[in-house]
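1. predicted model, plus sequence, below.
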Amino acid sequence: MSALPWHRRHSWRAGGAVLATLVLTLATACGEPPGQESDAEGESAGLTDDPQFVWAVTGADRHIHEDVARLWNENNPEQQVEVFFLAPTADEQRQAMFQDLQAQAGEFDVLGLDVIWTGEFADFGYVESLEDMRGDIEDVSLPGAIDSSQWKQELYALPYSSNGAFLYYRTDLIDEPPTTWDELYETGMEAAEEEGISPFVGQGDQYEGFVVTYLEMFWSAGGELFDESQENSTFLEGDAAQTALDFMVEGQENGFFAEGFDSMVEDDARALFQSGEAVYMRNWPYAVPLLEGEEDEESAVAGDFAVAPLPTFTGEGSTSALGGLNNAVSSLSENKELASEFVLWAATDPEAQAILADNSLPPTMLSAYEEADDPNFEMLGDILAEAHARPPVPGYNSLSLEIQDNLHPAFLGQEDADSALQAVDTAADDSLDGE
Amino acid sequence: MSDSTDLAPDVAKAVRRRADGLGERAIGRIFLAPSIAFMALLALFPVFYAVWMSLYDIRGFNRDLVGVENYVSALTDPGFWNAAQNTLVFTVASVSLEFVVGMAFALIMHQAFVGRGLTRAVILVPWVIPTAVAAQVWRYMFDHNPGFVNAVLGTEINWLRDPAWSMVGIISADVWKTAPFVALLLLAGLQTIPKDYYEAAKMDGANVFQRFWTITLPLLRPAIVVALLFRTVDALRMFDFAYVFSGYSNSLATLSVYSQRFLVAEPQLGYANALSTVTFVIVMLVGLAFISRMGRHMVGDVGRKEKR
């Protein structure tokens, strides 16, 4: 057989193969099983056959949000809500909502926004102003939560859930919780040396948690990021920025922070404290039941720890960054009136807010804390009343990344502290117009 | 078996008949047209769309035409140059190490010895693991807690938080992951070199190094260029290891991570698209430089075949 026909036949076959591959590709692209795709990006709760509007909210604590939605559906059988669960991590939630909005898809009517996104979503034109509902939440919701819902003195969201920090301490090593950071430092170092453990664990990895750790010290030294009108950075006014950074740098040098603190997130800190390896811990309230050893959780500190508010540098008051969610109305919603009705209901209905409280997700309604019979919960109410909202400026995320990029190396002694603080001040000014 | 031999002349005849009517090249083009259109839709449209978007300042639903302003700010942005530098360091270091290690693997696998099949399979395992998964595993090994790498090396290095050491970390992770791929490409090249050359060289008294230098390397050149092209272009776009190791932190941010930062973390879609267009141009130029070197060989080969 000569070479030529073989060559021809070969190309025919190759052509057939290409066609087959193409058909296969198309077939798989069209015939993808439903469900599978939605798993990756989020999914509907399937609460109702006839949803009038959709609430997009974090997939963390999903049963709580689901219960809240069920309660609404029971009360409003004609105007049922469907819940769409986003990924449990904040960055992915924000990305999913951005995609829905930027692509003009408009699948979501109510958006569950992290407390730091208000300015950005408002500035982008993604959410409706809810200023006319201010009267309904004033003196009803936590003041810090209201702060986190507004941008340029205008409400763009209403509070829904909250979160604050506890100082966890070992009752077998520490008699009275400290009221100043210096006292915490002294007692922590002393007890740690005796026991051969670490004085302090918390969130020290280079991420938003580190920003919160730093800002809590900054605020507790009397600092404020912006002036009243949110037009200028006041980061370097006074010596709060310096005091907080000095405390952290010194602590890092002297072994105040546990080994590996600089790559520790919430649950790493919790695990270390739970195994009895630390005197103090800064963490959110979720750790309490785990440390108590509830539900077969193994804990070396069960019965040997208590919680207190985080201290300050002056010894007066307490400090905490405010976490949580606010609900906003998407500007692409076709059912804005109903959506805002739901947002207001979730913020102010005692029954809805009680669902959060019953599941140890801190609610934002002040009254929910007054009737509490759990002393820790009552304390949380006091902490939240004094808590600081991270300023929800449009460029908050850029500011946070700049703080991480400059202060984290400075904290580890890799960068010059002064220039790092200067860079954060510049970034704070830039974040006001979202550049 | 007999069926196919009966069929073959018919098919050949059919082909020739068709070719008489339209011309082989024309038919070829017609057959290629759908796939080219398909490719254009999939590959070219996003590129042009990205370039178009990079001319705007996009903030949510507000969008202004700003022309080349995004490119000007990219080229004056220290963050961009930092990312470019990180990418360059990573690419040069990882590709050269991968080449050396891959070559060693290929030479070992090319030898005939007991258990060669198993060795080949084992060496290829890292390449099969998805990059994101490998990155997570490596990050865990470098982490202070439990401190696996430090324990093995007996060191006290802060791998994840010291910028220089974390670069060493992602380079070693990437070498571990892709050296087998380079080895595979080089092995294929090695197997095309006829044994006769080596035997002849041995007869002439050439030692191992001379044989490697004067026979293996020159004859392996096409395979080497292909391997380096794939690896360089891939390394220039590297995202997974840098992002998993230190997120958007400037200490490791590559060009891809830096573009992603403005796409997702600080959404400025116009700027993000300008950054990714610049990255695209860089990768494209490097790729073309390789292909133009390789192309001459390939075209030469085809030309010779057609003459025959």
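-> Cool, got the structure. Please read all numbers here as calculations on a predicted model, not as lab measurements.

2. which part of the stretch 1-150 of chain A gets nearest to chain B, residue-wise?
-> Of the residues in the stretch 1-150 of chain A, the one nearest chain B is A:Phe124, at a distance of 2.2 Å by C-beta to the nearest C-beta. Where C-beta positions appear, they are placed from N, C-alpha and C, glycine not excepted.

3. can you report phi and psi for that residue?
-> When read as degrees, to the nearest 10, the backbone of A:Phe124 gives phi -80, psi -10.

4. same thing with A:Ala372?
-> phi -70, psi 140.

5. just to revisit the earlier point, excluding chain neighbours, what is closest to the residue of the stretch 1-150 of chain A closest to chain B?
-> Excluding the flanking residues, the one nearest A:Phe124 by C-beta to C-beta, 6 or more residues apart in numbering or on different chains is B:Gly60, at 2.2 Å.

6. okay, that neighbour: pLDDT?
-> B:Gly60 is assigned a pLDDT of 82 by the prediction.

7. against B:Glu24, how distant is it?
-> B:Gly60 is 55 Å from B:Glu24, where distance means C-beta to C-beta, to the nearest Å.

8. have a look at these two and say which one is more surrounded.
-> B:Gly60 (21 against 14; other C-beta atoms under 10 Å in any protein chain shown).

9. the more buried one touches A:Leu101, doesn't it?
-> Yes. Look at B:Gly60 against A:Leu101 with C-beta atoms under 8 Å: they come within range, at 7.3 Å.

10. hey, what's in contact with both of those two?
-> A:124, A:126 (C-beta atoms under 8 Å, 6 or more residues apart in numbering or on different chains).

11. show me how far stretch B:56-71 is from its chain's centre.
-> In terms of C-alpha atoms, centre = their mean, to the nearest Å, the centre of stretch B:56-71 is found 32 Å from the chain centre.

12. near chain A, which residues of chain B show up?
-> Contact residues (C-beta under 8 Å from any C-beta of the partner chain) of chain B with chain A: B:8-9, B:11-12, B:15-16, B:31, B:34-35, B:38, B:59-62, B:143-145, B:147, B:158, B:160-163, B:246-251, B:261, B:264-267, B:269.

13. swap in 7 Å and give it another go.
-> Counting by C-beta under 7 Å from any C-beta of the partner chain, the residues of chain B close to chain A are B:8, B:11-12, B:15, B:31, B:35, B:59-62, B:143-145, B:160-161, B:246-250, B:264-267.

14. leaving out sequence neighbours, find the closest residue to the closest residue to chain B within the stretch 151-300 of chain A.
-> At 3.4 Å from chain B, A:Gly260 is the closest residue in the stretch 151-300 of chain A, using C-beta to the nearest C-beta. The shortest distance from A:Gly260 to any non-neighbouring residue, by C-beta to C-beta, 6+ apart, is to B:His144 (3.4 Å).

15. quick check, pLDDT for B:Trp159.
-> Listed pLDDT for B:Trp159 reads 85.

16. report the contact partners of B:Ser251.
-> By C-beta atoms under 7 Å, 6 or more residues apart in numbering or on different chains, B:Ser251 lies in contact with B:163, B:166.

17. cutoff 6 Å now
-> For B:Ser251, the contacting residues are B:Pro163, by C-beta atoms under 6 Å, 6 or more residues apart in numbering or on different chains.

18. again with B:Met141
-> Contacts for B:Met141 (C-beta under 6 Å, 6+ apart) come out as B:148-149.

19. okay, it: pLDDT?
-> pLDDT, B:Met141: 90.

20. could you find the closest non-adjacent residue to the residue nearest the centre of chain A?
-> Among the residues of chain A, the one closest to the centroid is A:Gly323, at 5.4 Å (C-alpha atoms, centre = their mean). Sequence neighbours aside, A:Asn163 is the residue nearest to A:Gly323 in space, at 3.2 Å (criterion: C-beta to C-beta, 6+ apart).

21. count the residues that sit near the one you found.
-> Other residues lying near A:Asn163 total 19 when counted by other C-beta under 10 Å.

22. need the contact list for it.
-> Counting by C-beta under 6 Å, 6+ apart, A:Asn163 touches A:284, A:323-324, A:362.

23. likewise for B:Ala235?
-> B:Ala235 is in contact with B:91, B:94-95, counting by C-beta under 6 Å, 6+ apart.

24. hmm, 8 Å instead?
-> B:87, B:90-91, B:94-95, B:174.

25. do the same with B:Ile157
-> By C-beta under 8 Å, 6+ apart, the residues touching B:Ile157 are B:149-150, B:165.

26. check which helix or strand it maps to.
-> Here B:Ile157 is covered by no helix or strand, with elements defined by DSSP states H and E.

27. how close does it sit to B:Phe142?
-> Counting by C-beta to C-beta, the gap from B:Ile157 to B:Phe142 is 9 Å.

28. what do those two both touch?
-> Shared contacts of B:Ile157 and B:Phe142, defined by C-beta under 8 Å, 6+ apart, are found at B:Val149.
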